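Enquirer: starting from these lines, generate the structure:
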Amino acid sequence: MIMNIKLLASIAVFAFLVSVVGTFTMQPANAEDIKVKLQTNVAITDTVTTETKSTAVDVTKRTTASVAVDMAEGAASNTECSDQCYVPNNIKIAVGGTVTWENVDSAAHTVTASDGSFDSGLVMSEKTFSHEFGTVGTFGYACTVHPWMKGTVTVG
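Expert: Now for the predicted structure:
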């Protein structure tokens, strides 16, 4: 009887340790891709200060000439994806710059401006839509098939 209790306790401890180790070592396969896409509009500038013998890194947002945006996987069925339906969903771009949306979801989506200035039509899975922005302004857009999918392009 005592041996059975010790055996059960040992099994419980082993199962606990396996779950803890497994939790810390698991991460999404596309975590690095998502991180890169979320940082597409960030520029990094290094500044070295010799007085204190340290390195300071100044991270500033800037407008870019072109930006890639993903129509997120699962966005068609996730009505609560909010600001993660288009990744990144709020971007800044220079006048004359181009935004390219890529559909990485299995469902078809659209990229349709609130003011009607651009409309992709249906963008099928693994296809892209690009639009060049020639005027300064803020352009809201959404998927007409899945209206919870929203984003903003700021040109200037």
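Enquirer: would you map out the domains in this structure?
Expert: Listed domain ranges for the chain are 1-29, 39-155 (source: automatic domain parsing).
Enquirer: worst mean pLDDT among these?
Expert: Mean pLDDT across those is lowest at domain 1-29; the value there is a mean of 58.
Enquirer: the lengthiest strand in the chain pairs with which strands?
Expert: For the chain, the strand reaching the highest residue count under DSSP state E is reported as strand 90-103. Under the criterion DSSP bridges, strand 90-103 sits next to strand 64-71 (parallel), strand 128-132 (antiparallel), strand 150-155 (parallel) in its sheet.
Enquirer: want to throw the ones you listed into TSV with distance to Ala108 and mean neighbour count?
Expert: Yep, even glycine has a C-beta here, placed from its N, CA and C like the rest. Formatted as TSV, the strands paired with strand 90-103 follow (distance: least, C-beta to C-beta, whole Å; neighbours: other C-beta atoms under 10 Å):
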stretch	distance to Ala108	mean neighbour count
strand 64-71	9	19
strand 128-132	11	16
strand 150-155	17	19
